[in-house]
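K.L.:
For reference, the sequence and a predicted model appear below.
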Amino acid sequence: MKISSKARLAATLLLGAMVLIATSIGWAYAQVRAAVAEQQRCVEIAGALNNMRMVTFEYLLNRRERARLQEQAAWQRLEQLFAAPVPLDATAAGILANLRGQGEAGHRLFSEVDAAKPGTSAVDEVQRRFEAQLSSRILILQQNSLVGAEQLIDDAGERIGATQRRVVLITATGLAAMAILIGVAAWRFLRDVLAPISRLELATREVAAGNWSFELDTGSADELGDVARHFDAMTRALRDSFGRLEVSNRDLVALNKELESFSYSVSHDLRSPLRSMDGFSLALLEDYGDKLDEQARDSLQRIRGASQRMGRLIDELLGLARVTRAELKIQEVDLSAIAEEIAATLTRAQPERRVRWDIEPGIVVRGDQQLISIALQNLLDNAWKFTSKVGEAVIRVGTRHEDGGPVYFVADNGAGFDMAYSSRLFGAFQRLHHETDFPGTGVGLAIVQRVMHRHGWSLQADAAIGRGATFYFHPTERTEREDDRREQDHLAG
Amino acid sequence: MIEESKTILLVEDNPDDVALTMRAFKRSHLMNPVVVVRDGVDALDYLYARGEYADRAGAALPTLIILDLKLPRLDGLGVLKALRADPRTALLPTVVLTSSKEQQDLVDSYSFGANSYVRKPVDFVEFVEAVKVLGLYWLALNQFPSR
């Protein structure tokens, strides 16, 4: 049975019980009212009977016309009261009928007494005795009537009491029934609703903690049973997709390991042949230089140059791989201080060069100190290199305020490049200048781009041939590390 | 044990690198005898006079070990671990001389008890300079507790 049906049933039952109680209270109220009305009538009848007795007695004593008329009026009133239709129980009806009979008998006797007026005939002893006898009978009848009326009043009072007791009993029974009903409903609610909900809550906690094998497996056919079945289906679906994710994650980890061992191998094994080429070329030059002609020596120098260049390429390639692999440690980074330091180092290395450094003080970003240093090193190295043929070299590091927040830039007035080729700018080993004009491996900007990407920042270039180049980077709050962590949490959870 | 020979034990599998290192020794006027072994197992056999080097029993230990990391059979880190675990060689100066610039190699080498870590540059002129400084420091300047 559905919980909603159960709830409807419980509500209906409760409502029924309430209606029942209300009806019985209404019925009991009517009963009490009827009993009270009956008692009222009995009181009135008793009053009328008493009145009749008084006037009859007075008439019998004084034989006054006024008393006779009063007896007539009292009798009429009594007849009215007897005639009024009031529902009574059998005993009361019996007593009332009896009262009525006695009343009628009394009135008849009164009429007889009245008919035998003492003034109309001679004083007659027999007549007077008869009269006295009649009067006594009237008075006895009336006395009995009064006792009967008292009895009626008492009975009515008793009936009122009984009715009231009945009302109390019915109300108490109804309330007890409601209490039992509510108790049963609460117990069912506990069993059918709260217990499954707490199991469901446990299940969500278990699944959230990574227990994918947890299943509710409930057999109940109600709504919570449906929820539990859907929950199990969801857990199974999650288990499946996380299983797949774990597999691909393992693959990724393996791939990463492979890449790491690849770069390790590159670092170790690719460099030693180069060292041999360079070393033995130099050995030849040193040991047999005097026996070789100019061309042979030049060839050996070229071998050495190529070996060393390849060594640099390998180093930079490994540097690029390291930037990709490095774990980000996000903190406040003083961009200005780093730029100043790099500028000082570059100036020390080539003190003969005239370069004006214009570094805005106090630029602070949130990022990885090491990676940002590497990026800035590459950008400033480039600026330094490409201004080498400019008379009045100026290298600037500063901030530009835009709608999306501050944008930082590194600008120079050096050789610049054609924006038509800017799409190749950030690719590894892509060069927009000839090696003979400006030496380099073409990895620097790829590294800068990778650092920006790791931070989730954007990198843009603006340049023109002969007018210098500017590189803008736009830090945002989001970093790749946070993305990674979210992903890892997701996987771990 | 005889202390005076001041032998250098060069653990290096690449013959080119051996030749170049020997040349660098010569060019930086390091006249110490150099023993070359080609892998980690040979290095330990030499040091502990085992196997091929059993006849070395009682002979002096080298003054300096120059150790490549990437070696056949037992690699440089394995050699380092074994050296530091043995009281006879626990304090023997060992310099890692390798191509690798990997941070992990540096960290591992030092944590396994290397005394120095020197990277072999491609440029032979720089290489000679490095070997010269290394030899000067470890064989002439550095003071070592006597056994």
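P.N.:
That came through fine. As the structure is a computational prediction, the values presented were derived from the model and not from experiment. Numbering: from 1, shown residues only, chains lettered A, B, ... in the order given.

K.L.:
got the residues of chain B near chain A?
P.N.:
For chain B, the residues in contact with chain A (C-beta under 8 Å from any C-beta of the partner chain) are B:14, B:16-17, B:19-20, B:23, B:69-70, B:98-103, B:120-125, B:127. (Glycine included, C-beta is placed from N, CA and C.)

K.L.:
now those residues: which count as buried?
P.N.:
Among the residues of chain B next to chain A, the ones that count as buried by 16 or more other C-beta atoms under 10 Å in any protein chain shown are B:14, B:17, B:19-20, B:23, B:69-70, B:98-102, B:120-124, B:127.

K.L.:
Just these: which are in helices?
P.N.:
B:17, B:19, B:20, B:23, B:124, B:127 (DSSP state H).

K.L.:
Residue A:322: what's it in contact with?
P.N.:
Contact partners of residue A:322, counting by C-beta atoms under 8 Å, 6 or more residues apart in numbering or on different chains, are residue B:103.

K.L.:
Can you pull the phi and psi angles for the closest residue to chain A within chain B?
P.N.:
Residue nearest to chain A within chain B: residue B:122 (3.2 Å; C-beta to the nearest C-beta). Backbone torsions of residue B:122, given as degrees, to the nearest 10, read phi -70, psi -40.

K.L.:
Who is the closest residue to residue A:354 other than its chain neighbours paired with across the strands?
P.N.:
Closest residue in space to residue A:354, ignoring its immediate chain neighbours: residue A:393 at 6.6 Å, by C-beta to C-beta, 6 or more residues apart in numbering or on different chains. Counting by DSSP bridges, residue A:393 is bridged to residue A:355.

K.L.:
Isn't residue A:393 up against residue A:386?
P.N.:
No: taking contacts as C-beta atoms under 8 Å, residue A:393 lies outside contact range of residue A:386: 9.3 Å.

K.L.:
The two: which has the busier surroundings?
P.N.:
Higher neighbour count among residue A:393 and residue A:386: residue A:386, with 24 against 20, using other C-beta atoms under 10 Å in any protein chain shown.

K.L.:
center of the chain - which residue?
P.N.:
Went with chain A since none was named. Chain A has residue A:201 as the residue nearest its centroid, 13.5 Å off, counting by C-alpha atoms, centre = their mean.

K.L.:
re earlier: how about the residue nearest to the residue of chain B closest to chain A when sequence neighbours are not counted, secondary structure?
P.N.:
Nearest residue to residue B:122 in three dimensions, chain neighbours excluded: residue A:311, at 3.2 Å (C-beta to C-beta, 6+ apart). Judged by DSSP: H, G, I helix; E, B strand; the rest coil, the three-state class of residue A:311 is helix.

K.L.:
At which residues are the strands of the chain located?
P.N.:
Using chain A. Taking DSSP state E as the test, the strands found in chain A are A:330-334, A:355-359, A:364-368, A:393-402, A:405-412, A:458-464, A:468-474.

K.L.:
oops, chain B please
P.N.:
Counting by DSSP E, the strands of chain B are B:8-11, B:34-37, B:64-67, B:94-98, B:116-119.

K.L.:
Show me which of these has the highest average neighbour count.
P.N.:
Ranked by mean neighbour count, these are led by strand B:64-67 with a mean of 26 (mean count of other C-beta atoms under 10 Å in any protein chain shown).

K.L.:
what are the C-alpha coordinates of it, in PDB please?
P.N.:
Extracted C-alpha coordinates of strand B:64-67, given in PDB (Å, rounded to 0.1, in the frame of the first residue of the first chain):
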ATOM      1  CA  LEU B  64      86.600   9.100  -3.800                       C
ATOM      2  CA  ILE B  65      83.800   7.300  -5.700                       C
ATOM      3  CA  ILE B  66      82.400   9.000  -8.800                       C
ATOM      4  CA  LEU B  67      79.100   7.400  -9.500                       C
END
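
K.L.:
So which other helices or strands are in contact with it?
P.N.:
Secondary-structure packing of strand B:64-67 (3 or more C-beta pairs under 8 Å, 6 or more residues apart in numbering or on different chains; DSSP states H and E): strand B:8-11, helix B:76-85, strand B:94-98.

K.L.:
right, and these - which one's nearest residue A:110?
P.N.:
helix B:76-85 (142.6 Å; C-beta to C-beta).

K.L.:
contact partners of the closest one?
P.N.:
Outside helix B:76-85, the residues that touch it by C-beta under 8 Å, 6+ apart are B:11, B:40, B:43-44, B:47, B:65, B:67-71, B:74, B:89-90, B:92, B:94, B:96, B:98, B:108-109, B:112-114.

K.L.:
Based on its surroundings, how many neighbours for the residue of chain A found nearest chain B?
P.N.:
Minimum separation of chain A from chain B (C-beta to the nearest C-beta) falls at residue A:311, amounting to 3.2 Å. Per other C-beta under 10 Å, the neighbour tally for residue A:311 reads 20.

K.L.:
Just list the residues touching it, thanks.
P.N.:
Applying C-beta under 8 Å, 6+ apart, the residues contacting residue A:311 are A:271, A:274, A:275, A:278, B:121, B:122, B:123.

K.L.:
Closest to residue A:178 out of the residues you listed?
P.N.:
The closest of the contacts of residue A:311 to residue A:178 turns out to be residue A:271 (C-beta to C-beta; 91.5 Å).

K.L.:
I figured the closest one hits residue B:119, correct?
P.N.:
No: contact criterion C-beta under 8 Å: residue A:271 and residue B:119 do not qualify, at 9.4 Å.

K.L.:
what do those two both touch?
P.N.:
Shared contacts of residue A:271 and residue B:119, counting by C-beta under 8 Å, 6+ apart, come down to residue B:99.

K.L.:
Beta-bridge partners for the residue positioned nearest the centre of chain B, please?
P.N.:
By C-alpha atoms, centre = their mean, the mean C-alpha position of chain B lies nearest to residue B:66, the distance being 1.7 Å. Beta bridges link residue B:66 to residue B:10, residue B:95 when assigned by DSSP bridges.
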